[in-house]
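>>> Got a predicted model here, sequence first, then my questions.
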2 protein chains.
Amino acid sequence: MQVLVEPVARLMEELARLPGIGPKTSARLVFHLLRVPAEQVYALADALRDLRARTRFCSICFNITDVDPCAICSDPNRDRSIICVVEEPLDVLAIERTREYHGLYHVLHGTLSPVEGIGPDDLHIAELLPRLRAEVPVREVIIATNPNMEGEATAMYLARRLAGSGVKITRLARGLPVGGDLEYADQVTLSRALAGRQAME
Amino acid sequence: MQVLVEPVARLMEELARLPGIGPKTSARLVFHLLRVPAEQVYALADALRDLRARTRFCSICFNITDVDPCAICSDPNRDRSIICVVEEPLDVLAIERTREYHGLYHVLHGTLSPVEGIGPDDLHIAELLPRLRAEVPVREVIIATNPNMEGEATAMYLARRLAGSGVKITRLARGLPVGGDLEYADQVTLSRALAGRQAME
């Protein structure tokens, strides 16, 4: 006989498709959702639906937005002469949280990965080039891809692609994480921190 | 300025209300859900809605069901002379998976907990008593609450409440978990395993 009623089995299955949620977590979530007020479950269902029904990607920077162009691209107070290139929308969020950056963004939606067959045409790279010749000329492109192999390869590719455009290309500093412990830093990070050492004022 | 568009912020908030999902996991899930085909997100939203719209609790055993009485309570092949009392619907699932039990269930929906103010009237205990005098008389009630303090207290309370009914009351065996290591067993489990030692055939 069938042990689980269909709606329970189906939700467990759908939840288990999410990253980091195995069959056990999925079961626990379902039985939690059976206990909370139904309104909370309906609110979650509606929020999921709205995530895809009410958002799109900005046609300029490819960040997630509910209006096109997005709030950052259409904000007259942002510095339009500087573009920060990131891998994912989550990276925009991380940089915005610093409150230190006031320029525009460009979201690639991934990194180059020959292993997975992801080439330049699979990322929003072509769309970056015309942005350099906008009304307000761009003077700097900060490449803020992740400090790992794919991120570095993508940064190198972008730097070559943008060379000759007359725009200054920079990369986020690599070094010891603030609050970190020198003793626990990996060799590569420590080497980078040494190579990039700065004069104290 | 608002960094996150409303649908993204709202879904992050709703996901973060789930147990074991903090703000970071929630953000990662949202950005995953932005990348997968929209159909997968809509399927998850529908499954969530159906979980509450299309299930209820069985009026006999209080397990989750889509029909009332549930498939187990109305199955003519189940042994109606034995009832297994569990804390949660998830426990029914665990016992069914053993394929060793063919009786009926009774789901309490919790345990006694004076600290949290949960008394006998907050659990489905009163509904268990009339079940003992059904058409097919019940000859055994297996108390399968969890082997922890609340579960034990609830088992003790139930045993007292059912005493004098003429029904045999049993409790799941406590002992070393199969595949476990004696060296790592806690004192209480080891004491129980010793006290409950069985003659080898």
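Cool, the structure landed.
>>> for the record, mean pLDDT for stretch A:39-55?
Model confidence over stretch A:39-55, given as mean pLDDT, is 96.
>>> Could I get the CA-only coordinates of it as CSV?
The C-alpha atoms that make up stretch A:39-55 are tabulated as CSV, following Å, rounded to 0.1, in the frame of the first residue of the first chain:
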residue,chain,number,x,y,z
GLU,A,39,-1.7,31.0,5.9
GLN,A,40,2.0,30.7,6.4
VAL,A,41,2.2,27.9,3.8
TYR,A,42,0.0,29.8,1.3
ALA,A,43,2.2,32.9,1.8
LEU,A,44,5.3,30.8,0.9
ALA,A,45,3.5,29.3,-2.1
ASP,A,46,2.5,32.8,-3.3
ALA,A,47,6.0,34.2,-2.7
LEU,A,48,7.5,31.4,-4.9
ARG,A,49,5.0,32.0,-7.6
ASP,A,50,5.7,35.8,-7.5
LEU,A,51,9.5,35.3,-7.6
ARG,A,52,9.2,34.1,-11.2
ALA,A,53,5.9,35.8,-12.3
ARG,A,54,6.9,39.3,-11.0
THR,A,55,10.6,39.5,-11.7
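>>> So that stretch, near chain B or not?
Yes - counting by CB under 8 Å from any CB of the partner chain, chain B is contacted by stretch A:39-55 at A:40-52, A:54-55. Quick note: C-beta positions are derived from backbone N, CA and C, even for glycine.
>>> who touches the residue nearest to residue A:168 when sequence neighbours are not counted in this structure?
Excluding the flanking residues, the one nearest residue A:168 by CB to CB, 6 or more residues apart in numbering or on different chains is residue A:140, at 4.5 Å. Counting by CB atoms under 8 Å, 6 or more residues apart in numbering or on different chains, residue A:140 touches A:81, A:82, A:83, A:103, A:167, A:168, A:169, A:170.
>>> Roughly how far does the fourth one sit from residue A:131?
Between residue A:103 and residue A:131 the computed distance is 12 Å (CB to CB, to the nearest Å).
>>> Now the common contact residues for those two.
residue A:83.
>>> so where do the strands sit in chain A?
Ranges of strands in chain A, per DSSP state E, are A:56-57, A:64-65, A:79-86, A:103-107, A:140-143, A:168-171.
>>> circling back: can you turn the buried part of the contacts of residue A:140 into a PyMOL selection?
Buried residues among the contacts of residue A:140 (16 or more other CB atoms under 10 Å in any protein chain shown), as a PyMOL selection:
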select buried, chain A and resi 82+83+103+167+169
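>>> Before we move on, what's the pLDDT of the spatially most central residue of chain A?
Central residue of chain A (CA atoms, centre = their mean): residue A:88, 2.0 Å from the mean position. We note a pLDDT of 91 for residue A:88 in this prediction.
>>> And for residue A:200?
69.
>>> Can you give me every residue that contacts the residue nearest to the centre of chain A?
With contact set as CB under 8 Å, 6+ apart, residue A:88 has these partners: A:107, A:109, A:110, B:31.
>>> Mind picking the two most distant members of these?
Across those, the longest distance by CB to CB is 12.1 Å; it joins A:110 and B:31.
>>> just to revisit the earlier point, most neighbours among the contacts of residue A:88, which one?
residue A:107 (23 neighbours; other CB atoms under 10 Å in any protein chain shown).
>>> Check whether residue A:50 really touches residue B:11, as I assumed.
Yes - with contact defined as CB atoms under 8 Å, residue A:50 and residue B:11 form a contacting pair (7.4 Å).
>>> Alright, calling it a day.
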